[in-house]
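> I'll drop the sequence and a predicted model, then ask my questions.
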Amino acid sequence: MGAEDFGPGRLGGSRVPPGNALPSDYKALVETFGDGMFDGFHCVFMPDELIKSAELAARLGQAPWEPHPPFPASGGLVPWMGNEHGQSFHWITEGPDPDRWPVYVTGAEPEAGDRFDCTATEYLFRHLTEPQHPIPMPVDFRAHWFMDCSGNVELDAAME
């Protein structure tokens, strides 16, 4: 699978604009789970959504959280997940290798966020499972689940 083509899986052949490669762990995450929410709380953005969001920020000429420049400039922010509490989870697009982009977490207000030098999937796993995580879950879940939000009628029927 190339950096620009997500293939025909549950993403319906979504394509990333040329030159906008995304981290391989993120591509595996959305290929595996598709459109939905972890623990009914964290919504991982689909490729088309996150690229549109980043392009909109670039057209506005400002990044929502300074000192990060607008994407696609190096160091710009690309949001890959959000939640109902207004937290946003971004990559800091440092360097040419998207698999090395760190995670940057912000609150609802445009203020400095927290940087995590790990992949998106590593961040998500630790955030969901480690009670002592620097940004803990608001609820201590005993089990974790994924809620499919794709509206895929065939998939929904098969689950019943």
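Cool, the structure landed.
> Name the residues that touch stretch 119-136?
Applying CB atoms under 8 Å, 6 or more residues apart in numbering, the external contacts of stretch 119-136 come out as 23, 25-26, 28-29, 38-39, 42, 44, 80-81, 87, 89, 91, 99, 103, 105, 114, 116, 118, 137, 140-141, 144. Using the backbone N, CA and C atoms, a C-beta is placed for each residue, glycine as well.
> Just the mean pLDDT for it, thanks.
What stretch 119-136 shows for mean pLDDT is 83.
> do stretch 51-66 as well
Computed over stretch 51-66, the average pLDDT equals 68.
> still on that earlier bit, go through the contacts of stretch 119-136 and flag which are in helices.
Under the assignment DSSP state H, these contribute 25-26, 28-29 to helices.
> which one of those sits closest to residue 59?
residue 26 (23.1 Å; CB to CB).
> The closest one: neighbour count?
24 (other CB atoms under 10 Å).
> Secondary structure element holding residue 56?
Secondary structure from DSSP states H and E places residue 56 in helix 47-60.
> Check the offset of stretch 87-99 from the chain's centre.
9 Å (CA atoms, centre = their mean, to the nearest Å).
> how long is it from one end to the other?
Using CA to CA, to the nearest Å, the span of stretch 87-99 from its first residue to its last is 22 Å.
> can you tell me which strand in the protein is longest?
strand 77-83 (DSSP state E).
> counting contacts, what elements does it pack onto?
strand 42-44, helix 47-60, strand 88-92, helix 120-129 (3 or more CB pairs under 8 Å, 6 or more residues apart in numbering; DSSP states H and E).
> Measure how the longest one sits relative to strand 77-83, angle-wise.
Put simply, helix 47-60 runs at 130 degrees to strand 77-83, going by axes from the mean of the first three to the mean of the last three CA atoms, to 10 degrees.
> likewise the third one?
Strand 88-92 runs at 150 degrees relative to strand 77-83, counting by the same axes, to 10 degrees.
> contact partners of strand 88-92?
23, 42, 64-65, 68, 75-82, 98, 101-106, 113, 115, 120, 123.
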